[in-house]
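Asker: when you get a sec, could you give me coordinates for this:
(chains A and B)
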Protein chains: 2
Amino acid sequence: MPRPVTFWFEFASTYSYLSAMRIDAEAEARGVDVIWRPFLLGPIFKAQGWDRSPFAIYPEKGENMWRDLERRAEKYAIPFDRSAEKLFPQNSVLAARAAIACLHEDWGREFCRYVFRAAFVDGRDISDPGTIADCIESAGGLAQIYMHMAHSHTQKNTLREHVDEAQSRGIYGAPSFIVDGELFWGDDRLEDALDWANRV
Amino acid sequence: MPRPVTFWFEFASTYSYLSAMRIDAEAEARGVDVIWRPFLLGPIFKAQGWDRSPFAIYPEKGENMWRDLERRAEKYAIPFDRSAEKLFPQNSVLAARAAIACLHEDWGREFCRYVFRAAFVDGRDISDPGTIADCIESAGGLAQIYMHMAHSHTQKNTLREHVDEAQSRGIYGAPSFIVDGELFWGDDRLEDALDWANRV
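Answerer: Got it, this is the predicted structure:
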């Protein structure tokens, strides 16, 4: 019986976008259950002494990241528009809180993918409540209800707990995958993490 | 006709070790020529404001890197002994200068692999001339000749040129692969880089 994999993602993270688009199909092919867990990188970067994304701090690294993302998106046939760079990194707090509410529903992952596409294909501002409301409706939810939940204390506290848990588990970047205590970092470790779930 | 791929590597770099052990077989399978180019990360990290390896600066990142390396080495059936961590990151200046001399010979890549194994399997100090001399002899060269060359101005200047070229090409980590102006960073992009060589 394969063990479940926890998928730690951040809506502002470029490589989290790739994983969000890939993980369910790859997991299904391996019979692996995935738990989607949104968190925020900001507080974790701060603890490492970074006031911004390392891709913004180190221009060469940032430049090559966008090119790499273009190549990888093409390889996986995932839509991507580099003009997303203009808003990078986006404030993802509202999106993460909404996701915590929506992920209780069977259309929750679809909501997450709509948010990622809004950010990385349509170049929309995902800190804008209108964008998040549109994503809820597109995924099949009632915006009025889930936007209300996104602003509730429950969701705020849960998100804070996710960030604390990420930190305590040694997560330092996104996406990260945890299976059976093993931490895998990066979209390029997605397959390794899922394979690990099937290790005897 | 596939274009050649330049393999930029650093003897102190853990993921350069994996690529050094993998690249020739992967390249041959694709009919791609590879140019091996040793360089130093130290001056490049300094330019980014780091006085050490980022794996040493950020403990969580470092801890997970070693675990990831264990898992990847196992996946590729490449020998690896984590006690190499004790000497990490090693001073690789002598090794890189010797490699520049040895890579003119048909056993040069074998020399490089011996150096990497000395560092990451046998836990030997690769800044020790005795270690490098052993690697030359194991690869089939005369240590006396190539150690002499390693200390010559030609090799010193060439290594400096490699570092300058790496910087001017936007390289910020190792291993890196350049094909037709495209920069790929990391052992996990090795296959992508080689595939790019065959792109029409």
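Asker: how about the residues of chain A by chain B?
Answerer: A:48, A:58, A:60-61, A:63-64, A:67-68, A:71-72, A:75, A:170-173, A:182-186, A:188-189, A:192, A:196 (C-beta under 8 Å from any C-beta of the partner chain). Any C-beta I mention is one placed from the backbone N, CA and C, and that applies to glycine too.
Asker: A:Phe184 is in what secondary structure piece?
Answerer: strand A:182-185 (DSSP states H and E).
Asker: all strands of chain A, in order?
Answerer: Under the criterion DSSP state E, strands of chain A are mapped to A:5-9, A:34-38, A:176-179, A:182-185.
Asker: what helices or strands is the lowest-mean-pLDDT helix or strand in chain A leaning on?
Answerer: Least confident element among the helices and strands of chain A, by mean pLDDT, DSSP states H and E: helix A:54-57 (a mean of 80). Here helix A:54-57 touches helix A:59-75, going by 3 or more C-beta pairs under 8 Å, 6 or more residues apart in numbering or on different chains; DSSP states H and E.
Asker: circling back to that earlier point, buried residues in the least confident helix or strand of chain A?
Answerer: By 16 or more other C-beta atoms under 10 Å in any protein chain shown, the buried positions in helix A:54-57 come out as A:Pro54, A:Phe55.
Asker: quick one: the helices in chain A?
Answerer: A:14-30, A:42-47, A:54-57, A:59-75, A:93-102, A:108-120, A:129-139, A:143-150, A:153-168, A:190-197 (DSSP state H).
Asker: below-threshold pLDDT in chain A: ranges please.
Answerer: Along chain A, the model assigns pLDDT under 70 to residues A:200.
Asker: need the contact partners of stretch A:96-114.
Answerer: A:9-11, A:20-21, A:24, A:36, A:38-40, A:115, A:132, A:134-136, A:138-141, A:146-147, A:149-152, A:155-156, A:158-159, A:162 (C-beta atoms under 8 Å, 6 or more residues apart in numbering or on different chains).
Asker: please apply the same query to stretch A:68-80.
Answerer: Contacts of stretch A:68-80 (C-beta under 8 Å, 6+ apart): A:14-15, A:17-18, A:21-22, A:82, A:117, A:120-121, A:187, B:182, B:184-185, B:189, B:192, B:196.
Asker: and A:Ser176, bridged to which residues?
Answerer: Judged by DSSP bridges, the bridge partners of A:Ser176 are A:Trp8, A:Trp185.
Asker: check the gap between it and B:Pro129 for me.
Answerer: 42 Å (C-beta to C-beta, to the nearest Å).
Asker: these two - which one has more neighbours?
Answerer: Shown here are A:Ser176 and B:Pro129; by other C-beta atoms under 10 Å in any protein chain shown, A:Ser176 has more neighbours (26 against 14).
Asker: does the more buried one touch A:Leu183 like I think?
Answerer: Yes. Counting by C-beta atoms under 8 Å, A:Ser176 does reach A:Leu183; the two are 6.2 Å apart.
Asker: okay, now the residue nearest to A:Phe55 when sequence neighbours are not counted: neighbour count?
Answerer: Spatially, and ignoring its direct neighbours in sequence, A:Phe55 is nearest to A:Gly62 (3.9 Å; C-beta to C-beta, 6 or more residues apart in numbering or on different chains). By the measure other C-beta under 10 Å, the count of residues near A:Gly62 is 17.
Asker: swap in the one 5 residues further on?
Answerer: The number of residues packed near A:Arg67 is 16, by other C-beta under 10 Å.
Asker: what sits against it?
Answerer: With C-beta under 8 Å, 6+ apart, A:Arg67 has these contacts: B:Glu182, B:Leu183.
Asker: also A:Arg52?
Answerer: With C-beta under 8 Å, 6+ apart, A:Arg52 has these contacts: A:Phe45, A:Pro89.
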